[in-house]
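J.: coords please:
(2 chains)
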Amino acid sequence: MRRVYLDHSATTPVRPEVLEAMLPYLKENFGNASSIHSFGQDARRAVEEAREKTAQAIGADPKEIVFTSGGTESDNLAIRGVALAKEKKGRHIITSAVEHHAVLDTCEQLEKQGFTVTRVGVDADGIVDPAEVESALRDDTILITIMHANNEVGSIQPIAEISRLAREREITFHVDAVQSLGKIPVKVDELGIDLVSLSGHKIYGPKGTGALYIRKGTKFKPLFHGGGQERKLRPGTENVPGIVAFGRAVELAVHELPEEARRLEVLRDRLMDGLLQRISELKVNGSRIKRLPHNVNVSVIYVEGESLILCLDMEGIAVSSGSACTSGSLEPSHVLRAMGIAHEVAHGSLRMTLGRDNTTEDVDYVLEKVPAIVERLRSMSPLYGHREGETVVVQ
Amino acid sequence: MYSDKVMDHFRNPRNVGEITEPDGVGMAGNPVCGDMMELFINVDEEERIEEIKFRTFGCGAAIAVSSILTEMVVGLKIEEALKIDNKQIADELGGLPPVKMHCSMLGREALEKAVEDYRKKKMATAGV
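T.: Alright, predicted model coming up:
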């Protein structure tokens, strides 16, 4: 059976060049980068080389890169690190309603510690209005944290516009770029941002790798204490093979971005248009323009997302959904809800995220399989019109 | 995540569809919550469930619960069928993940509603 992986926003496989780069640091070059002997110095060189590659990829200085264990740690470190460093100045934070839980839950935790958090909403396309951020600003606002692009619907946020607001008032601006890295340009000066969270496993690096960019001069307090690694901002013996792999993955992703993004856009539109042609009562979630090049998100009315995932999996197709039944709670995706999408429509959402291994043939295979699955599940659904004029109206 | 039995009933659900002019029909759940089940029953003179069909909007567990419930109650007298609780349904499926236990309630509730509907119709007929 053909297997088509369409869940690249969840994770990606480690690409061969990345694996090749990291392997020596698991084997012969196993040294601790803090050791003075040649074993240690080999490791140190590799770590600093990865730092330079990472810095170059986002237009930063190597001294501004701190390696972490991934997106969640970077988000926690950024938000808490700034909040605790600036709490004497103020305790107000602005974020959006569609952030990743690593940001939302960290903000919620800070609320319990006496901070105030404003969550700005999004429009029907999942996009934040900078004017709403502006009206949320207060004299005691110390931090704005808004994602570059959304992990569920791929909506791209107006980061440069929001950063102007932050700049004028000397408010620190953190951006979670976990989903956008390697898909659209992430350049810290062009975007005008102070901290950026990056993750390795979304860009064909290993899980447990990532980085946080911290602009020079940003007030910041570390969360961990220990050795002096990562300029004391994130102590702990460096994950040398992981850091080397991350550096190589970022380098490749950014180098290949222009060509790969164009290729993915063609596949994305073929998939989205193909689904719209073949399936009635299908709703596109998110903007068709301000959208990541690899993201497709649609709601199949009258069916439930987990059933769709299971049926597609039987055909070798891996996707995800914002349905309540896949969230581990009984609530559907907070992103779709923030976009004003009705519960019953959110339950039928399907996210398909393309990657470098996907081809036109993969897309055509999916287009061939999905309609029959939808038809079968709809035929089982009491919401679907079995007799004319009996369809339950789903808004 | 799911037992083999859940996956079997999800892949090949038994008794899917509807009964035209059923003796009783019951609906449980709602689309806002993400699962909804419609159950149709025909009952013989001894109040035995002789035919049962379902239609379900919901996740893998909801569909499997609907399917196995129809197998468990067909041929049973209404009184016996109503004695089946949601835990028995889940057990029959080889267990359900904790977050999906509410799906087994859905089957139980739809059956109760179908029986209620059957009794109401029967009373109406008897009254004529």
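J.: just the element for the nearest residue to A:Val250 once chain neighbours are set aside, please.
T.: Spatial nearest neighbour of A:Val250, chain neighbours left out: A:Ala57 (4.6 Å); criterion: C-beta to C-beta, 6 or more residues apart in numbering or on different chains. Where you see a C-beta, it was placed from the backbone N, CA and C, and this is true even at glycine. If you go by DSSP states H and E, A:Ala57 is part of helix A:38-58.
J.: first to last residue in stretch A:150-168, what's the distance?
T.: This stretch, stretch A:150-168, spans 26 Å end to end (C-alpha to C-alpha, to the nearest Å).
J.: now it: how far from the chain's centre is it?
T.: Chain-centre distance of stretch A:150-168: 13 Å, with C-alpha atoms, centre = their mean, to the nearest Å.
J.: ok, back up a step: ok, the residue nearest to A:Val250 - contacts?
T.: Residues in contact with A:Ala57 (C-beta atoms under 8 Å, 6 or more residues apart in numbering or on different chains) are A:186, A:250-251, A:253-254.
J.: which among these gets closest to chain B?
T.: A:Ala253 (31.4 Å; C-beta to the nearest C-beta).
J.: still on that earlier bit, just after the helix holding A:Ala57, pick out the following helix or strand.
T.: strand A:65-68.
J.: what lines up beside that next one in the sheet?
T.: Take DSSP bridges as the rule and strand A:65-68 pairs in its sheet with strand A:210-214 (antiparallel).
J.: average pLDDT for the strand it pairs with, rounded please.
T.: Average pLDDT, strand A:210-214: 98.
J.: now do stretch B:49-57
T.: The average pLDDT within stretch B:49-57 is 97.
J.: is that stretch up against chain A anywhere?
T.: Yes. If you take C-beta under 8 Å from any C-beta of the partner chain as the test, stretch B:49-57 does meet chain A, through B:55-57.
J.: who touches residue 40 in this structure?
T.: The chain I'm using is chain A. By C-beta under 8 Å, 6+ apart, the residues touching A:Gly40 are A:31-34.
J.: meant chain B, my bad for not saying
T.: With contacts defined as C-beta under 8 Å, 6+ apart, the neighbours of B:Phe40 are B:18-19, B:22, B:24-25, B:52-54, B:114.
J.: closest to A:Glu64 among the residues you listed?
T.: Comparing these against A:Glu64 with C-beta to C-beta picks out B:Phe54 as the nearest, at 59.6 Å.
J.: tell me what the helix or strand harbouring that closest one is packed against?
T.: If you go by DSSP H and E, B:Phe54 is part of strand B:49-57. Contacts defined by 3 or more C-beta pairs under 8 Å, 6 or more residues apart in numbering or on different chains; DSSP states H and E place strand B:49-57 against helix A:360-380, strand B:35-43, helix B:60-73.
J.: grab the most central residue of the chain for me.
T.: By default, I'm working from chain A. Geometric centre of chain A, nearest residue: A:Gln179, 3.0 Å, by C-alpha atoms, centre = their mean.
J.: that's the other chain; I wanted chain B
T.: By C-alpha atoms, centre = their mean, chain B has its centre lying nearest to B:Gly107, at 4.4 Å.
J.: between the helix or strand where it lies and helix B:60-73, how many degrees?
T.: Per DSSP H and E, B:Gly107 falls inside helix B:101-127. With axes from the mean of the first three to the mean of the last three C-alpha atoms, to 10 degrees as the basis, helix B:101-127 and helix B:60-73 are set at 40 degrees to each other.
J.: anything in helix B:101-127 near chain A?
T.: Yes. For helix B:101-127 and chain A, the contact criterion (C-beta under 8 Å from any C-beta) is met by B:His102.
J.: which ones are touching the residue of the stretch 1-150 of chain A found nearest chain B?
T.: In the stretch 1-150 of chain A, the residue that lies nearest chain B is A:Met1 (14.7 Å; C-beta to the nearest C-beta). Applying C-beta under 8 Å, 6+ apart, we find A:Met1 in contact with A:315-316.
J.: if we go to 6 Å?
T.: Shown in contact with A:Met1 (C-beta atoms under 6 Å, 6 or more residues apart in numbering or on different chains): A:Gly316.
J.: look up how far A:Asp313 lies from it.
T.: Noted for A:Met1: a distance of 11 Å to A:Asp313, by C-beta to C-beta, to the nearest Å.
J.: cool, and B:Lys77?
T.: Relative to A:Asp313, and taking C-beta to C-beta, B:Lys77 is found at 39 Å.
J.: the more surrounded of the two?
T.: B:Lys77 (15 against 12; other C-beta atoms under 10 Å in any protein chain shown).
J.: list phi and psi for that one.
T.: The phi and psi values for B:Lys77, taken as degrees, to the nearest 10, are phi -70, psi 150.
J.: right, and it touches B:Glu47 too?
T.: Yes. Counting by C-beta atoms under 6 Å, B:Glu47 is a contact partner of B:Lys77 at 5.4 Å.
J.: sorry, back to before: tell me the one of the contacts of B:Phe40 nearest A:Leu23?
T.: For the contacts of B:Phe40, the nearest to A:Leu23 is B:Phe54 (54.1 Å; C-beta to C-beta).
J.: please pick the buried ones from the contacts of A:Gly40.
T.: Listed as buried from the contacts of A:Gly40 are A:31, A:33; burial here means 16 or more other C-beta atoms under 10 Å in any protein chain shown.
J.: dump the contacts of A:Gly40 into CSV; add secondary structure as well.
T.: Shown next, in CSV, are the contacts of A:Gly40 (DSSP: H, G, I helix; E, B strand; the rest coil):
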residue, secondary structure
A:Gly31, coil
A:Asn32, coil
A:Ala33, coil
A:Ser34, coil
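J.: what helix or strand is the nearest residue to A:Ala149 once chain neighbours are set aside located in?
T.: Setting aside the residues directly before and after it, A:Ala149 is nearest to A:Ser180 in space (C-beta to C-beta, 6+ apart), at 4.1 Å. Under DSSP H and E, no helix or strand contains A:Ser180.
J.: tell me the pLDDT of A:Ser180.
T.: Residue-level pLDDT assigned to A:Ser180 equals 98.
J.: dihedrals phi and psi, it?
T.: According to degrees, to the nearest 10, A:Ser180 has phi -90, psi -30.
J.: cool, and B:Val25?
T.: B:Val25 adopts backbone torsions of phi -140, psi 140, taken as degrees, to the nearest 10.
J.: for it, grab the count of nearby residues.
T.: Using other C-beta under 10 Å, B:Val25 is surrounded by 19 other residues.
J.: so who does it touch?
T.: Going by C-beta under 6 Å, 6+ apart, B:Val25 touches B:40, B:114, B:117.
J.: one step back: would you confirm that the residue nearest to the centre of chain B contacts B:Val65?
T.: Yes. The criterion here is C-beta under 6 Å, and B:Gly107 meets it with B:Val65 at 4.5 Å.
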